[in-house]
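**Q** Build me a model from this:
(4 chains)
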There are 2 protein chains.
Amino acid sequence: MTKRKEQFYTARGYEIAAGENALTPSMEDYLEMIYRLSRVNGYTRVNDLAENLNVQPPSVTRMIQKLYDRSLLDYEKYGMIHLTDKGTKLGEYFLDRHNILREFLSLLGVTDDLQRDVETLEHYVSYNNFKVISALVAFMKDNPHFLQEFKKYRKDFLQMEFGKE
Amino acid sequence: MTKRKEQFYTARGYEIAAGENALTPSMEDYLEMIYRLSRVNGYTRVNDLAENLNVQPPSVTRMIQKLYDRSLLDYEKYGMIHLTDKGTKLGEYFLDRHNILREFLSLLGVTDDLQRDVETLEHYVSYNNFKVISALVAFMKDNPHFLQEFKKYRKDFLQMEFGKE
DNA sequence: TAAAAATATTAGTCATAACTAAAAATCAGG
DNA sequence: CCTGATTTTTAGTTATGACTAATATTTTTA
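**A** Residues are numbered from 1 along each chain as shown, chains lettered A, B, ... in the order given. I've put the predicted structure just below:
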């Protein structure tokens, strides 16, 4: 049994390979935000989404239609946006993933651009990775000693390896 | 001084905000691969890239032109592809980042789909995050007892939190 | 060195998810 | 209840990075 050569793909290649059923990063962002906003009233609206995601309303309308076609939300023209059970589960997961990632980076000592870093990364964290990172976060919170040692280590390491910057 | 409300953007929103000068994930993949392949002969060719990135040659030609316009490589039609100094530095960084990320996930115990996970994630790891993750990897390698503890912890945690799966 | 094979380019298409401008629907106040 | 303001939709445009088909160039080989 010869080891098959390791295959590489471009970022776009992986997106395409994921197929039509996979959610795109933008779809994930919308679901996550709909979930956030729905916690207030049980629903959200086109304009709220547009404002909170910093996009224009027409972009929201289009995306809502797409998510509707996938049965992730209920919607009628000019109406309210409600997540279906399926959409709710996904939204909740995306929010969890977001929060774990934020906690992870935060524990490691990332402070600058934390929000941006989390939002940029989150979509690309597979479920497998989400699980191990969750474990690491829990471990670090349960073992403050580990974290303390790491913080000392990090300081010297960054200085040595990357200089002042 | 009131705290400005936390702003959210879609994945595409961040891409657009990054501006015209930023490299896209695909550009990064190409540079990383050109760097890899160039270590053999000092150069690479359109077909080699197409094969190794699993894309068609015309896609490579287009991308090469774009990277040429940014002075990241030297190229003449039908000729060899050489990275410029600027391109070399970037390619090297992307490869480092790739390897660190792989090591990180590997240490945490990710085995399934490791290659896919790394390639999917790497483009979205900011330089700041690269630095702290590098520190964490080094720390864990220097402190195998922590790693061992984590492995025990992880086993129970995953069982508890996520069940068998 | 001429023909065949391999390699690379050009030209044109597609989907995604943004945008703007303009039209349509809904809602609120008098 | 109708008019104006707000909200939402429709329609059409853009850039990215894939693709295929056809063409052009370079390299190999007979």
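
**Q** show me what contacts the residue sitting nearest the centre point of chain A?
**A** Geometric centre of chain A, nearest residue: A:E122, 3.0 Å, by C-alpha atoms, centre = their mean. By C-beta atoms under 8 Å, 6 or more residues apart in numbering or on different chains, the residues touching A:E122 are A:E28, A:F94, A:R97, A:H98, A:L101. (Glycine included, C-beta is placed from N, CA and C.)

**Q** How about the second one: what's its closest non-neighbour residue?
**A** Ranked by C-beta to C-beta, 6 or more residues apart in numbering or on different chains and with sequence neighbours excluded, the top spatial neighbour of A:F94 is A:E32, at 3.9 Å.

**Q** other SSEs contacting whichever strand or helix holds that neighbour?
**A** Assigning secondary structure by DSSP states H and E places A:E32 in helix A:25-41. The helices and strands touching helix A:25-41, judged by 3 or more C-beta pairs under 8 Å, 6 or more residues apart in numbering or on different chains; DSSP states H and E, are helix A:46-53, helix A:57-69, strand A:82-83, helix A:85-108, helix B:11-18.

**Q** Can you flag the weakest of these by average pLDDT?
**A** Lowest mean pLDDT within the helices and strands packed on helix A:25-41: helix B:11-18, at a mean of 86.

**Q** ok and that one relative to helix A:46-53, angle-wise?
**A** Between helix B:11-18 and helix A:46-53, the angle comes out at 50 degrees (axes from the mean of the first three to the mean of the last three C-alpha atoms, to 10 degrees).

**Q** so, in contact with DNA strand D or not, helix B:11-18?
**A** No. Using C-beta under 7 Å from any atom of the strand, helix B:11-18 stays clear of DNA strand D, with a minimum separation of 8.1 Å.

**Q** hang on, the earlier thing: assign the residue nearest to the centre of chain A to helix, strand or coil.
**A** helix (DSSP: H, G, I helix; E, B strand; the rest coil).

**Q** so how far is B:T61 from it?
**A** 34 Å (C-beta to C-beta, to the nearest Å).

**Q** And A:G109, by the same measure?
**A** 43 Å.

**Q** Check A:K131 too.
**A** Distance, A:K131 to B:T61, by C-beta to C-beta: 41 Å.

**Q** Spell out which residues of chain A are next to DNA strand C.
**A** Going by C-beta under 7 Å from any atom of the strand, the residues of chain A near DNA strand C are A:20, A:24-27, A:29, A:54-56, A:58-59, A:62-63, A:66, A:77-78.

**Q** Now, of these, which are buried?
**A** Using 16 or more other C-beta atoms under 10 Å in any protein chain shown as the burial test, the residues of chain A next to DNA strand C include A:T24, A:P25, A:S26, A:M27, A:D29, A:V55, A:S59, A:M63 as buried.

**Q** quick one: which of these is nearest DNA strand D?
**A** Ranked by distance to DNA strand D (C-beta to the nearest atom of the strand), these are led by A:S59 at 8.1 Å.

**Q** Out of the buried ones among the residues of chain A next to DNA strand C, flag the one nearest to B:F139.
**A** Distance to B:F139 across those (C-beta to C-beta) is lowest for A:P25, with 30.7 Å.

**Q** For DNA strand C, give me its nearest residue in chain A.
**A** Residue of chain A nearest DNA strand C, by C-beta to the nearest atom of the strand: A:T24 (2.7 Å).

**Q** Name the nearest of the residues of chain A next to DNA strand C relative to A:S126.
**A** Relative to A:S126, the closest of the residues of chain A next to DNA strand C is A:P25; by C-beta to C-beta it sits at 13.2 Å.

**Q** ok, now how distant is that closest one from B:E20?
**A** For A:P25, the distance to B:E20 (C-beta to C-beta) stands at 20 Å.

**Q** for A:E92, same thing?
**A** Distance, A:E92 to B:E20, using C-beta to C-beta: 37 Å.

**Q** Equivalent analysis for A:N41, please.
**A** On the measure of C-beta to C-beta, A:N41 and B:E20 end up 40 Å apart.

**Q** Wait, the residue nearest to A:F94 touches A:T88, no?
**A** No. Counting by C-beta atoms under 8 Å, A:E32 does not reach A:T88; the two are 11.4 Å apart.

**Q** Comparing those two, which residue is more hemmed in?
**A** Neighbour count, other C-beta atoms under 10 Å in any protein chain shown: between A:E32 and A:T88, A:E32 has more, with 25 against 17.

**Q** What residues does the more buried one make contact with?
**A** By C-beta under 8 Å, 6+ apart, A:E32 lies in contact with A:G91, A:F94, A:L95, A:H98.

**Q** what about the nearest residue to the first one once chain neighbours are set aside, neighbour count?
**A** Okay, so that is A:G91. The spatially closest residue to A:G91, leaving aside those adjacent along the chain, is A:Y35, at 2.7 Å (C-beta to C-beta, 6+ apart). Neighbour count of A:Y35, defined by other C-beta under 10 Å: 20.

**Q** Surely A:Y35 touches A:K89?
**A** No. In this structure, A:Y35 is not within contact of A:K89 by C-beta under 8 Å, at 9.5 Å.
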